[in-house]
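> Fold the stuff below for me.
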Amino acid sequence: MNKKLLFVYNADSALFNQLGDFIHKIISPKTYPCNLCSLTYSGASMRKDWKEFVNLLPLKNEFLHKDEFFKLFPKKQNITLPAVFLQLNNDMIEFISAKEINHAKTLEELKLLVQQNLARANYE
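Numbering: from 1, shown residues only. Down below sits the predicted model:
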């Protein structure tokens, strides 16, 4: 069985958008719409401890921006992002909702959320 976690940012992939997001996070972090980005990125690069954490997860993982995700999964347009999905072969379920991600205040809380959901789903 092919299993993978898809981490989907509430941000677009275009370079101009990424620059705007970078500036937005610095100037007004409380109004930035992607808590997944805010928690896992420091400046323009992924936080080292987050990168190490996801590399040690028992499932493959992939990171997508919302425009990339909606292009691959157009029927998921009604999903609120950021979110994490569990992809099982051709099936995909919401694994961690935007509400749960947005509730996390620190990277450690986000890591714990991922670990708890993996344990609950019995995919570790």
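
> Now do the helices in the chain.
For the chain, helices defined by DSSP state H occupy the ranges 15-27, 35-40, 48-55, 66-72, 98-103, 107-121.

> want to throw the ones you listed into TSV with distance to V8 and mean pLDDT?
Where you see a C-beta, it was placed from the backbone N, CA and C, and this is true even at glycine. Converted to TSV, the helices of the chain look like this (distance: least, CB to CB, whole Å; pLDDT from 0 to 100):
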stretch	distance to V8	mean pLDDT
helix 15-27	15	44
helix 35-40	8	78
helix 48-55	14	94
helix 66-72	5	91
helix 98-103	9	93
helix 107-121	14	92
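
> and among the ones you listed, the most buried is which?
helix 35-40 (a mean of 21; mean count of other CB atoms under 10 Å).

> That helix packs against which elements?
In terms of contacts (3 or more CB pairs under 8 Å, 6 or more residues apart in numbering; DSSP states H and E), helix 35-40 is packed against helix 15-27, helix 98-103, helix 107-121.

> end to end, how far does stretch 85-99 reach?
Start and end residues of stretch 85-99 are separated by 14 Å (CA to CA, to the nearest Å).

> Check which residues of it are buried.
F85, L86, Q87, M92, F95, I96, A98 (16 or more other CB atoms under 10 Å).

> Mind checking which of the residues you listed are in strands?
F85, L86, Q87, M92, F95, I96 (DSSP state E).

> Correct me if wrong: the last one contacts L112.
No: shown here, I96 and L112 do not form a contact pair, counting by CB atoms under 8 Å, at 11.3 Å.

> From S97, how far out is the closest residue to L81 other than its chain neighbours?
In this structure, L81 finds its nearest non-sequential neighbour in N10, 3.9 Å apart by CB to CB, 6 or more residues apart in numbering. Distance from N10 to S97, counting by CB to CB, to the nearest Å: 12 Å.

> Next: F85.
Distance from F85 to S97, by CB to CB: 10 Å.
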